[in-house]
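>>> the following comprises the amino acid sequence and a computationally predicted model.
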Amino acid sequence: MNEGLVADPVERTARGERGLMNGSRCLLAAVGVLALVLAAGAVAGAAWWENGRRSGSDRVEIAGRAADRAQ
């Protein structure tokens, strides 16, 4: 009935089924994890970059107002 399902680990290894350590599945999992890490880093980097740009422009604006008041 369930010919594709083999419960015996020795028989599964003999057939080349090793779960996640099977070459293509392991590589696919590693690429997936790498993609998630890169996506999270890109989002964090973009937020950090935008925060730095915003604070830099605020400093220029504050310095400009201070210069206007000094005149």
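Structure's in. What do you need? Numbering: from 1, shown residues only.
>>> burial measure for residue 26, as a count.
13 (other Cβ atoms under 10 Å). Placement of C-beta: from N, CA and C, glycine included.
>>> ok, it to residue 34 distance?
Going from residue 26 to residue 34 by Cβ to Cβ, to the nearest Å gives 13 Å.
>>> same check on residue 41?
10 Å.
>>> swap in residue 42?
Taking Cβ to Cβ, one finds residue 42 at 12 Å from residue 34.
>>> ok, residue 49 next?
With Cβ to Cβ as the criterion, residue 49 and residue 34 are 22 Å apart.
>>> how about low-confidence regions in this structure?
1-10, 12-22, 53-60, 63 (pLDDT under 70).
>>> show me the helices in it, by range?
Taking DSSP state H to define them, one finds helices in the chain at 9-14, 23-70.
>>> and the longest one, what does it pack onto?
In other words, helix 23-70. Judged by 3 or more Cβ pairs under 8 Å, 6 or more residues apart in numbering; DSSP states H and E, helix 23-70 is in contact with no other helix or strand.
>>> please save the CA atoms from stretch 33-46 in PDB.
Output in PDB follows, covering the C-alpha atoms of stretch 33-46 (Å, rounded to 0.1, in the frame of the first residue of the first chain):
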ATOM      1  CA  VAL A  33      18.700  30.600   5.000                       C
ATOM      2  CA  LEU A  34      21.300  32.800   3.300                       C
ATOM      3  CA  ALA A  35      18.500  34.600   1.400                       C
ATOM      4  CA  LEU A  36      16.600  35.300   4.600                       C
ATOM      5  CA  VAL A  37      19.700  36.600   6.300                       C
ATOM      6  CA  LEU A  38      20.600  38.900   3.400                       C
ATOM      7  CA  ALA A  39      17.000  40.200   3.200                       C
ATOM      8  CA  ALA A  40      17.000  41.000   6.900                       C
ATOM      9  CA  GLY A  41      20.400  42.700   6.600                       C
ATOM     10  CA  ALA A  42      19.200  44.800   3.600                       C
ATOM     11  CA  VAL A  43      16.100  46.000   5.600                       C
ATOM     12  CA  ALA A  44      18.200  46.800   8.600                       C
ATOM     13  CA  GLY A  45      20.900  48.500   6.500                       C
ATOM     14  CA  ALA A  46      18.300  50.600   4.600                       C
END
